[in-house]
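> show me the folded form of this:
(one chain, ligands or ions: 2)
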Amino acid sequence: MDDCLFCKIASGEITTDLVYETESVLVFRDINPQAPLHVLVIPRKHISTANDVTAADAGLVGEMVLAAQQVAAAEGYAESGYRLVMNCNADAGQTVFHIHLHLLAGRSLTWPPG
Ligand code: AMP
Ligand code: ZN
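Ligands and ions are numbered 1, 2, ... in the order given. This is a model prediction of the structure:
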């Protein structure tokens with residue numbers, strides 16, 4: 001997708017603070033962090049929203065969770081805890097239409113979210 005910010009990050013056209021990558025996913029620091037650890041896990045493949053994930057993407061979405069788990073552990077938050085969030089469309093506040101998991105940790109997070 002030519003116009004997609006996260007596709008440009010995946011291709012290297014836009015640089016980020018990369019913390020982890022595999023053949024299929026990237027993890028980089030959020031530009032506007034909401035917790036001491038706030039990174040985004042994205043697939044290299046463009047998928048616009050959670051609504052667009054297909055059964056064929058199930059393994060890829062699983063890899064996103066595994067990448068988040070690896071980073072949470074590497075940053076020391078496996079035991080204290082962390083939150084994984086994927087926003088979908090307007091009511092959830094999705095602003096970048098290339099799916100991403102937010103990994104948030106390092107403070108006590110309130111529930112329910114706003
Ligand atoms: P969402 O609202 O769920 O679509 O989340 C989009 C996230 O992308 C927000 O938390 C932004 O702060 C973050 N973001 C936007 N542009 C960049 C960028 N260039 N590098 C890192 N994070 C970004
Ligand atoms: Zn994209």
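> which helix is the longest one in this structure?
As assigned by DSSP state H, the longest helix anywhere in the chain is helix 58-74.
> okay, the angle between the longest strand seen in the chain and helix 58-74?
Secondary structure of the chain per DSSP state E: the longest strand is strand 37-43. Orientation of strand 37-43 against helix 58-74 (axes from the mean of the first three to the mean of the last three Cα atoms, to 10 degrees) gives an angle of 160 degrees.
> which outside residues touch strand 37-43?
6, 9-10, 19, 24-30, 57, 60-61, 63-64, 67-68, 71-72, 75, 77, 82, 98-106 (Cβ atoms under 8 Å, 6 or more residues apart in numbering). (Each C-beta comes from the backbone N, C-alpha and C, glycine too.)
> alpha carbons only: can I get it in PDB?
What follows is strand 37-43, C-alpha atoms only, in PDB (Å, rounded to 0.1, in the frame of the first residue of the first chain):
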ATOM      1  CA  LEU A  37       7.000   0.500  27.500                       C
ATOM      2  CA  HIS A  38       4.800   1.200  24.500                       C
ATOM      3  CA  VAL A  39       5.700  -0.500  21.300                       C
ATOM      4  CA  LEU A  40       3.700  -1.500  18.200                       C
ATOM      5  CA  VAL A  41       3.800  -4.900  16.700                       C
ATOM      6  CA  ILE A  42       2.900  -4.900  12.900                       C
ATOM      7  CA  PRO A  43       2.900  -7.600  10.200                       C
END
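> after the longest helix of the chain, next one along is what?
strand 82-85 (DSSP states H and E).
> C-terminal to that next one, what's the next element?
helix 89-92.
> check whether that next one contacts ligand 1.
No. Counting by Cβ under 6 Å from any ligand atom, ligand 1 is not contacted by helix 89-92; separation bottoms out at 7.3 Å.
> now that helix: average pLDDT?
Helix 89-92 shows a mean pLDDT of 98.
> starting from the helix or strand just after that helix, tell me which strands it pairs with and how they run.
As assigned by DSSP H and E, the chain's next helix or strand after helix 89-92 is strand 101-105. Sheet pairing for strand 101-105, assigned by DSSP bridges, gives strand 37-43 (antiparallel), strand 82-85 (antiparallel).
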